[in-house]
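In: Could you work out the structure for the sequence below:
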Amino acid sequence: MSNSSYTPPKVWQWEKGNGGKFANINRPIAGATHEKTLPIGKHPLQLYSLGTPNGQKVTIMLEELLELGIKQAEYDAWLINIGEGDQFGSGFVDINPNSKIPALVDRSTEKPIRIFESGSILTYLAEKFSVFLPTTQPERAETLSWLFWQTGSAPFVGGGFGHFYVYASDKYEYPINRFAMETKRQLDVLNQRLANNQYIAGDNYSISDIAIWPWYGALVKGWLYDAAEFLSVHEYEHVIRWADEVYTRPAVQRGRRVNRLQGDPAQQVRERHDASDLL
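Out: So this is what the prediction gives:
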């Protein structure tokens, strides 16, 4: 099947119907659409997020820090419902001008520090608490290389494969084939890497594992896009081994539940303000 009936105009014009399922929140300009002050809780770290793969990276990282007994990593996780346009509220735009979750404010400093983009947040927290990011080379470079690999690769899986396979109002062969091929190539990159390494960056669990697992771990476990059979994920035995091992970590299981709006209702914790919220 091909889509040969569309000829791009000389000048593209935005129409409110553009964007399929997400047409009501997509637009070609940045900035706030409405005034909305963000809530502030009692803890040093204030997270504004949603339990998507990108959001899970940060809640898993925070729960890992707490698992280590780092009390300064206590946090409030406030729900940003992107389906309702919360990310375009003025308070959220002040924290992240790109209007994407997650966004974090560190209020333990004299002047609050905003951090946006999930990879940046992971790096900030790892450096702040001196954990999950090696300080010596070449281990540090390897960890950061895989972290940036994930931030550069995931859009092909999310905005590419996920969008056209699941969310697009019409299904077209070319984009699905294009992004399925790239998703499988990325899985093979990971599979070859993990054939000889326990974790992504080597012998030790790190922020590269925390960044990659919510996307590719969930994909091979059949939790993402219901696409395990379509992508033949059983072919990636080393990724599956790693995904299962990472999921045994209590912090990963807790972090995956925070700010969730989809899946098993029993596993959804819309907001997290205390450890007891995850019991």
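In: Just give me the neighbour total for the residue lying closest to residue 167 once chain neighbours are set aside.
Out: Among residues not flanking residue 167 along the chain, residue 21 sits closest, at 4.8 Å (CB to CB, 6 or more residues apart in numbering). Where C-beta positions appear, they are placed from N, C-alpha and C, glycine not excepted. Residues within reach of residue 21, counting by other CB atoms under 10 Å, total 13.
In: tell me the contacts of residue 21?
Out: Counting by CB atoms under 8 Å, 6 or more residues apart in numbering, residue 21 makes contact with 167, 168, 169.
In: and what of residue 271?
Out: With CB under 8 Å, 6+ apart, residue 271 has these contacts: 76, 77, 78, 79, 258, 259, 277.
In: Mind listing the residues bridging to the fourth one?
Out: What that stands for is residue 79. Per DSSP bridges, the residues bridged to residue 79 are residue 49.
In: Give me the distance between the residue nearest to residue 167 and residue 271.
Out: 25 Å (CB to CB, to the nearest Å).
In: now swap in residue 143 and tell me
Out: Separation of residue 143 from residue 271 (CB to CB): 31 Å.
In: now residue 46
Out: 11 Å.
In: Quick check: neighbours shared by these two?
Out: 76, 78.
In: Run through the helices of the stretch 151-279 of the chain in chain order.
Out: All helices of the stretch 151-279 of the chain, identified by DSSP state H, counting those that start in this stretch, fall at 173-194, 207-212, 218-220, 237-247, 250-255.
In: quick one: contacts for the nearest residue to residue 70 once chain neighbours are set aside?
Out: Using CB to CB, 6+ apart and skipping residues adjacent in sequence, the residue nearest residue 70 is residue 129, 5.5 Å away. Neighbouring residues of residue 129 by CB under 8 Å, 6+ apart: 65, 70, 72, 73.
In: Pull out the buried positions in stretch 32-48.
Out: 32, 38, 41, 43, 44, 45, 46, 47, 48 (16 or more other CB atoms under 10 Å).
In: and that stretch, how far apart are its ends?
Out: In stretch 32-48, first residue to last residue: 16 Å (CA to CA, to the nearest Å).
In: Repeat that for stretch 257-271.
Out: With CA to CA, one end of stretch 257-271 sits 9 Å from the other.
In: Give me the buried positions along that stretch.
Out: Result for stretch 257-271 [16+ other CB under 10 Å]: buried residues 257, 258, 259, 260, 269, 270.
In: Residue 186 touches residue 156, doesn't it?
Out: Yes: the pair residue 186 and residue 156 qualifies as a contact (CB atoms under 8 Å) at a distance of 7.0 Å.
In: More neighbours: these two, which one.
Out: Shown here are residue 186 and residue 156; by other CB under 10 Å, residue 186 has more neighbours (22 against 17).
In: Check what pLDDT the closest residue to the more buried one other than its chain neighbours gets.
Out: In this structure, residue 186 finds its nearest non-sequential neighbour in residue 153, 5.2 Å apart by CB to CB, 6+ apart. For residue 153, the pLDDT comes out at 97.
In: and residue 153, how many residues sit next to it?
Out: 19.
In: pLDDT weak spots in the chain?
Out: 1-4, 17-20 (pLDDT under 70).
In: Just want the most central residue of it.
Out: In the chain, the residue lying closest to the centroid (CA atoms, centre = their mean) is residue 54, at 1.0 Å.
In: I'd say it and residue 120 touch.
Out: No: Residue 54 is beyond contact range of residue 120, at 11.6 Å (criterion: CB under 8 Å).
In: Give the residues shared as contacts by these two.
Out: The contact sets of residue 54 and residue 120 do not overlap (CB under 8 Å, 6+ apart).
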